[in-house]
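# compute the structure for the input listed below.
(2 chains)
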Amino acid sequence: QKEVEQDPGPLSVPEGAIVSLNCTYSNSAFQYFMWYRQYSRKGPELLMYTYSSGNKEDGRFTAQVDKSSKYISLFIRDSQPSDSATYLCAMCKAAGNKLTFGGGTRVLVKP
Amino acid sequence: DAGVIQSPRHEVTEMGQEVTLRCKPISGHNSLFWYRQTMMRGLELLIYFNNNVPIDDSGMPEDRFSAKMPNASFSTLKIQPSEPRDSAVYFCASIHRDSADTQYFGPGTRLTVL
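Residues are numbered from 1 along each chain as shown, chains lettered A, B, ... in the order given. Now for the predicted structure:
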């Protein structure tokens, strides 16, 4: 079993809908949780990061971490076609430490 | 800042040939990571360096893979001899050791081994 599990999708939604993404993990030592966005043929770019449990909001993006359930989520409000990409969750045990990635969820936002 | 720079962007080679991938991290970043991404296995960490010293190479698939970081501004990942199953996109990323939220990825090198 992988340390970090993520549904590969694809997840197809109409423009303006809320996109809901999530990952589960097995290692309770993870403390930092990130979401990366990766466009086709590009490198991943950091969207959000959260330390320990809680919520964090940045514009249309909200990240949630529930360490008790080992479950993290990313919500994208008012989705746009430009949000179409692969979203990867990642986590690590300490600042600057190596990241363990989920497999990524491909999201398609249709106009 | 130019970001993380990788070269070449694309590499096509024949089985058995030596392949060298190059990375220039962001100036001031003191940790560097090499990842490999495939459809089947996703994004996997191969090796990472702190202050030019290899810290964890447990992800390096086998002895055919080697990585070096001779100074703070340059790293190489070498595959010798290359095999078709090495075909993947190889990413380099850099980070300031004390900042968990600043790991920046390069554009990747797409390697095809025929």
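
# and the residue of chain A nearest chain B?
When scored by Cβ to the nearest Cβ, chain A has residue A:43 as its residue closest to chain B, at 3.5 Å. (Each C-beta comes from the backbone N, C-alpha and C, glycine too.)

# isn't there a helix covering that residue?
No - Residue A:43: not assigned to a helix; according to DSSP: H, G, I helix; E, B strand; the rest coil it is coil.

# count of neighbours near it?
The number of residues packed near residue A:43 is 21, by other Cβ atoms under 10 Å in any protein chain shown.

# what residues are up against the closest residue to it other than its chain neighbours?
Distance criterion Cβ to Cβ, 6 or more residues apart in numbering or on different chains; nearest residue to residue A:43, sequence neighbours excluded, is residue B:105 at 3.5 Å. Residues in contact with residue B:105 (Cβ atoms under 8 Å, 6 or more residues apart in numbering or on different chains) are A:43-45, B:4, B:35, B:91-93.

# pull out the buried residues from these.
A:43-44, B:4, B:35, B:91-93 (16 or more other Cβ atoms under 10 Å in any protein chain shown).

# now render those residues as TSV, adding distance to residue A:53.
TSV is the format used below for these (distance: Cβ to Cβ, whole Å):
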residue	distance to residue A:53
A:43	29
A:44	24
B:4	31
B:35	27
B:91	29
B:92	31
B:93	26
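
# show only the entries of these found in strands.
B:35, B:91-93 (DSSP state E).

# what are the ranges of the strands in the chain?
This is for chain A. A:4-6, A:11-14, A:19-25, A:32-38, A:45-51, A:54-58, A:61-66, A:71-76, A:85-92, A:100-101, A:105-110.

# can you look at chain B instead?
Ranges of strands in chain B, per DSSP E, are B:5-7, B:10-13, B:19-24, B:31-38, B:42-50, B:53-56, B:65-71, B:74-79, B:88-95, B:104-105, B:109-113.

# mean pLDDT for these - can I get that in JSON lines?
Shown next, in JSON lines, are these (pLDDT from 0 to 100):
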{"stretch": "strand B:5-7", "mean pLDDT": "96"}
{"stretch": "strand B:10-13", "mean pLDDT": "97"}
{"stretch": "strand B:19-24", "mean pLDDT": "98"}
{"stretch": "strand B:31-38", "mean pLDDT": "94"}
{"stretch": "strand B:42-50", "mean pLDDT": "92"}
{"stretch": "strand B:53-56", "mean pLDDT": "92"}
{"stretch": "strand B:65-71", "mean pLDDT": "96"}
{"stretch": "strand B:74-79", "mean pLDDT": "97"}
{"stretch": "strand B:88-95", "mean pLDDT": "95"}
{"stretch": "strand B:104-105", "mean pLDDT": "91"}
{"stretch": "strand B:109-113", "mean pLDDT": "97"}
